[in-house]
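Student: Coordinates only, no sequence provided:
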């Protein structure tokens, strides 16, 4: 198994689909072992049985990669080797990269809010007071202090 093989396989059998603010990757195949080897090589995704769509068809499986970070990792590994889907993969990498940066930014904001809220709580302030000081809902202040998401 190598990147060239996977890129060719993905170009022919796979799909890269825009979904909300990101992308999803699906590779459908009647040979489950091939999908397992691809999954072992790229170390991302899940394999699901789709079954027969029509009585005379073979059972089939799909390798599904839906997590933003995993889509990004997959495309970074095989994107340069793609032929048919290269342009779409390049576009998807940019979109997913921006989405990952935004998720990281939001995570940092959450961590900073949590630290600030905990400091205020240690000073003896109520959740309502903390919410007013931080300009957030008091219920949200309570949830971040208690670690409830």
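Tutor: Yep, it's here. Remember, it's a predicted structure, so these values are computed and weren't measured experimentally.

Student: Flag the shaky bits of this protein, pLDDT-wise.
Tutor: Segments of the chain classed as low confidence (criterion: pLDDT under 70) are 149.

Student: quick one, domains of it?
Tutor: Per automatic domain parsing, the structural domains of the chain span 3-104, 105-146.

Student: now the helices: where do they sit in this structure?
Tutor: In the chain, the helices defined using DSSP state H lie at 3-13, 32-42, 68-78, 86-122, 127-134, 138-146.

Student: buried set for the last one?
Tutor: Within helix 138-146, the residues scored as buried using 16 or more other Cβ atoms under 10 Å are 140-142, 144-145. All C-beta atoms are positioned from the backbone trio N, CA, C, and that covers glycine.

Student: Quick one: residues contacting the nearest residue to residue 103 once chain neighbours are set aside.
Tutor: Leaving out its chain neighbours, the residue that sits closest to residue 103 by Cβ to Cβ, 6 or more residues apart in numbering is residue 68, at 7.1 Å. Contact criterion Cβ atoms under 8 Å, 6 or more residues apart in numbering gives 22, 96, 99-100, 103 as the residues in contact with residue 68.

Student: between those residues, which has the most around it?
Tutor: Of all the contacts of residue 68, residue 96 has the most neighbours under the rule other Cβ atoms under 10 Å, reaching 22 neighbours.

Student: Skipping adjacent residues, who's closest to that residue in space?
Tutor: In space, residue 96 comes closest to residue 72 once its chain neighbours are excluded; the distance is 4.6 Å by Cβ to Cβ, 6+ apart.

Student: before we move on, what about residue 39?
Tutor: In this structure, residue 39 finds its nearest non-sequential neighbour in residue 45, 5.4 Å apart by Cβ to Cβ, 6+ apart.
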